[in-house]
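Participant: need a 3D model of the following:
(2 chains)
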Amino acid sequence: MSSQPSRIIHASALKLKIDGSKILRGATLSVDMGERLAIVGANGAGKTTLIRCLLDLTAPDSGSIELNGHPLSQTSRTELAQQIAYVPQQLPERVSFTASEFINMSRYSHSYGTGMNQLDHHGAEALEKAIEQTGISHLRHQSLSTMSGGERQRVNIAAALAQQTPILILDEPTAHLDPKQRELIHKLLSSITENRDITMMVVTHDLNWASSDFDRIIGMRDGQIEIDAQANAFMQKEVLMKVFDTELCLYPHPDSGRAMVLPHSSASPSSAPSPRP
Amino acid sequence: MTERNKFSVLVCMMAFTLLCAIVSPWLGHKLTSFDVIFRPGADDIDAIIFWQIRVPRVLLAMLAGAGLSLGGVVFQALFRNPLATPFTLGVASGASLGVTIAMVTGIHFSLLGLSGTSFAALSGAILSIALVYFIARNSGIISPSTMLLSGVAISFFFSSLILLLQYLSDAGSSFRVLHWLMGDLSRASVDTVLQLVPFVTSGIVIVSVFHRELNLLSITDDIAASRGVNVHRTQKLLFLAVSLMVAGIITFCGPIGFVGIMAPHMCRLVIGENHRFLIPASILFGASFLTLCDTLARNFAAAAEVPVGIITAILGGPFFLWLLFRKKNTAC
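Facilitator: Predicted coordinates:
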């Protein structure tokens, strides 16, 4: 724990109804500077809507959000973009900008009103740094539409990094990736936030990732925050039961000792299909 | 393609456009002697043909081509749909309905230097823009597909009204409406060029200022917003600016179709999606493309000139299909 954690986001009593169904029912959440926070919960629990509210992409019906103590409703788009960078779940496949063109676009808020990219003095530097951090220098001039899912996701993250914001919000960044690419992105995100100078919030279904790489886990259920706890306190059978309404099998990781979710052992070995005689 | 190469392509396109502008006025049934260039105000038949008919016509084609092409670029980015143009959204049919009403009823007046017909076209275009926008907004979020579908519905509705009016009117006005609907530059004069200049230049200036916003909006609204773009304000401003520009063009030239689809796509293939290059490239391509089409239209048949809208439509139809099939092949 840092000695004097400063509150960077405070959202209270967020309520939102879309087409008559209550998506958020009074969600309250605080985030401190430098935290790694995972948001988990069943499908439709309101995770994505909650981060959309924090990004001001969706306006809640009631409740308030403060960013560094200032109401989000009074923060302009450019000011917000200088504070929070967003990594959407996927980039559309039809986008055919090159990696460096796409990453450069996230410098928009830093040179807003100047009309020209060239006046963004730290733009080139930020671009290089983001490309280096995500290891995509070989993809620099390649079109996004010709990249694999994993490559495109690294460009997606690089663009958010080039925005150089204190807060990073990611929506299921590894949901569509194969195990190798998933590991790559997990490592990448851990190393980016290693110095605790970036606050990271991630929506994910990957409980094992949440358990091993995050400080705090928030469990959402029915538009509310059901559990808000440190990662090790969260990864308990009873807690997971409350959030997911299903019994999960936990076992400590052989290396880190962190609790991992194991698949239920299927029925007795005898019932497994036997090889053909 | 590197930025340097893109700049070179732009320079070549600029040179080609200039060449079109210089050569086209000399091409026609009656070749004028070269010395007319030194007597712009003279009243001999050669000078009149050159300075008061051909030069304004080439300039009008350039303005209209540039504007229609730019309109396509902006609408395709805003709606993230390769087939979106101010035409597919009903602007052209609104303007056409206005003109049909003015021609059939025979109202004659002039306001702010615009003739009754021009005024009717402009009001029709603005009406259809407002209608599309209103329908889309009241259906919840202004999603690209809602906008496109409302545009298609409005187009059909207006087109049937035009047919009804034509059916009910006498043969003379019916023919004049039909001729206008084909898209024609033969009414070009120094006045029409001067009246169209503010529409097109203001459109070009506004769109050029917003090239970075267009890049972001062409990806997704969420990306644009999270990078700091005021999405709704930008969408509204660009939508209105471009619709007005196109309404102005339709007013003076009739609904010349397909330029707004063809020119931006050809440019995208060559120069890529970055609007910093795509905008100037499309302006230049649109200008030279429509000028060439019109030169062809003027010289197509020995007996009579063909309206340029027919030429662009003949080229545009197959292109449209090619675009659809190409998409299918590259989809997976």
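Participant: alpha carbons only for contacts and neighbour counts from here, please
Facilitator: Will do.
Participant: quick one: low-confidence residue ranges for the chain.
Facilitator: Just going to use chain A. A:1-5, A:112-120, A:266-277 (pLDDT under 70).
Participant: not what I meant, chain B
Facilitator: In chain B (pLDDT under 70), the answer is B:29-32, B:107-114, B:136-144, B:301-303, B:324, B:326-332.
Participant: where exactly do the helices run in it?
Facilitator: Here chain B has its helices, by DSSP state H, at B:3-23, B:45-47, B:55-79, B:91-105, B:116-138, B:144-168, B:171-181, B:190-209, B:211-217, B:221-226, B:231-253, B:259-271, B:275-299, B:308-331.
Participant: same check on the stretch 51-200 of chain A?
Facilitator: Applying DSSP state H, counting those that start in this stretch to the stretch 51-200 of chain A gives helices spanning A:77-83, A:99-105, A:123-134, A:149-162, A:179-192.
Participant: for those helices, which one ends up most surrounded?
Facilitator: Of all the helices of the stretch 51-200 of chain A, helix A:149-162 has the most neighbours on average by mean count of other Cα atoms under 10 Å in any protein chain shown, namely a mean of 25.
Participant: now find how far off-centre that helix is within its chain.
Facilitator: 13 Å (Cα atoms, centre = their mean, to the nearest Å).
Participant: and for the residue in the stretch 51-200 of chain B positioned nearest to chain A, the neighbour number?
Facilitator: Nearest to chain A, among the residues of the stretch 51-200 of chain B, is B:R80, at 9.5 Å (Cα to the nearest Cα). Residues within reach of B:R80, counting by other Cα atoms under 10 Å in any protein chain shown, total 19.
Participant: the one 5 residues further on too?
Facilitator: Counted with other Cα under 10 Å, residues neighbouring B:T85 total 31.
Participant: same check on the one 10 residues further on?
Facilitator: Residues within reach of B:A95, counting by other Cα under 10 Å, total 31.
Participant: again with the one 10 residues further on
Facilitator: Here the neighbour count serves as a burial measure; for B:T105 (other Cα under 10 Å) it reads 12.
Participant: state the distance from it to A:M200.
Facilitator: To A:M200, B:T105 is 66 Å away according to Cα to Cα, to the nearest Å.
Participant: what does B:I223 give?
Facilitator: B:I223 is 18 Å from A:M200, by Cα to Cα.
Participant: quick one: residues contacting the closest residue to chain B within chain A.
Facilitator: In chain A, no residue comes nearer to chain B than A:T78, which is 4.3 Å away by Cα to the nearest Cα. Neighbouring residues of A:T78 by Cα atoms under 8 Å, 6 or more residues apart in numbering or on different chains: A:109-110, A:112, B:227-229.
Participant: which bits of chain B sit near chain A?
Facilitator: By Cα under 8 Å from any Cα of the partner chain, the part of chain B that sits against chain A consists of B:209-210, B:212, B:215-216, B:219, B:222-223, B:225-230, B:272-274.
Participant: among the residues you listed, which ones are buried?
Facilitator: B:210, B:212, B:215-216, B:219, B:222-223, B:225-230, B:272-274 (16 or more other Cα atoms under 10 Å in any protein chain shown).
Participant: before we move on, back to that, need the contacts of A:T78 in CSV (columns: distance to B:A92).
Facilitator: Putting the contacts of A:T78 into CSV (distance: Cα to Cα, whole Å) gives the following:
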residue, distance to B:A92
A:S109, 36
A:H110, 39
A:Y112, 34
B:R227, 34
B:G228, 33
B:V229, 30
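Participant: which pair in those has the greatest spatial separation?
Facilitator: A:H110 and B:V229 (11.5 Å; Cα to Cα).
Participant: who in the stretch 151-277 of chain A is up against chain B?
Facilitator: Checking the stretch 151-277 of chain A against chain B by Cα under 8 Å from any Cα, the hits are A:Q163.
Participant: number of nearby residues for B:A42?
Facilitator: 12.
Participant: for it, phi and psi?
Facilitator: phi -70, psi 160 (degrees, to the nearest 10).
Participant: one more: B:S189?
Facilitator: phi -150, psi 170.
Participant: quick one: contacts for it?
Facilitator: By Cα under 8 Å, 6+ apart, the neighbours of B:S189 are B:52-53, B:56-57.
Participant: do B:S155 as well
Facilitator: Taking Cα under 8 Å, 6+ apart, we find B:S155 in contact with B:88-91, B:93-94.
Participant: same thing but at 6 Å, please
Facilitator: By Cα atoms under 6 Å, 6 or more residues apart in numbering or on different chains, the contact list for B:S155 reads B:90, B:93.
Participant: before we move on, what about B:M182?
Facilitator: Taking Cα under 6 Å, 6+ apart as the contact definition, B:M182 lies against B:G309.
Participant: these two touch, right, A:E172 and A:V87?
Facilitator: No. Using Cα atoms under 6 Å, A:E172 is not in contact with A:V87, being 8.9 Å away.
Participant: the two: who's more crowded?
Facilitator: For A:E172 versus A:V87, neighbours defined as other Cα under 10 Å are more numerous around A:V87 (24 against 19).
Participant: list the contacts of that one.
Facilitator: A:L170.
Participant: what does A:P71 give?
Facilitator: Contacts of A:P71 by Cα under 6 Å, 6+ apart are A:I65.
Participant: bridging residues for it?
Facilitator: A:P71 has these beta-bridge partners by DSSP bridges: A:E66.
Participant: ok so, going back, give the contact list for the residue of the stretch 51-200 of chain B closest to chain A.
Facilitator: B:S218.
Participant: tell me the spacing between it and A:L16.
Facilitator: 28 Å.
Participant: A:S256 now?
Facilitator: Using Cα to Cα, A:S256 is found at 39 Å from A:L16.
Participant: which one's more surrounded, the two?
Facilitator: More crowded of A:S256 and A:L16, by other Cα under 10 Å: A:L16, with 25 against 8.
Participant: I'd say the more buried one and A:A59 touch.
Facilitator: No. The pair A:L16 / A:A59 is not scored as a contact, 8.0 Å apart, by Cα under 6 Å.
Participant: among the contacts of B:S189, which one has the most neighbours?
Facilitator: That'd be B:R57 among the contacts of B:S189, by other Cα under 10 Å, with 26 neighbours.
Participant: how many neighbours does the nearest residue to that one once chain neighbours are set aside have?
Facilitator: In this structure, B:R57 finds its nearest non-sequential neighbour in B:A188, 5.0 Å apart by Cα to Cα, 6 or more residues apart in numbering or on different chains. By the criterion of other Cα under 10 Å, B:A188 has 21 neighbours.
Participant: need the residues that contact stretch B:39-57.
Facilitator: Here stretch B:39-57 makes contact (Cα under 6 Å, 6+ apart) with B:25, B:32, B:36, B:188-190.
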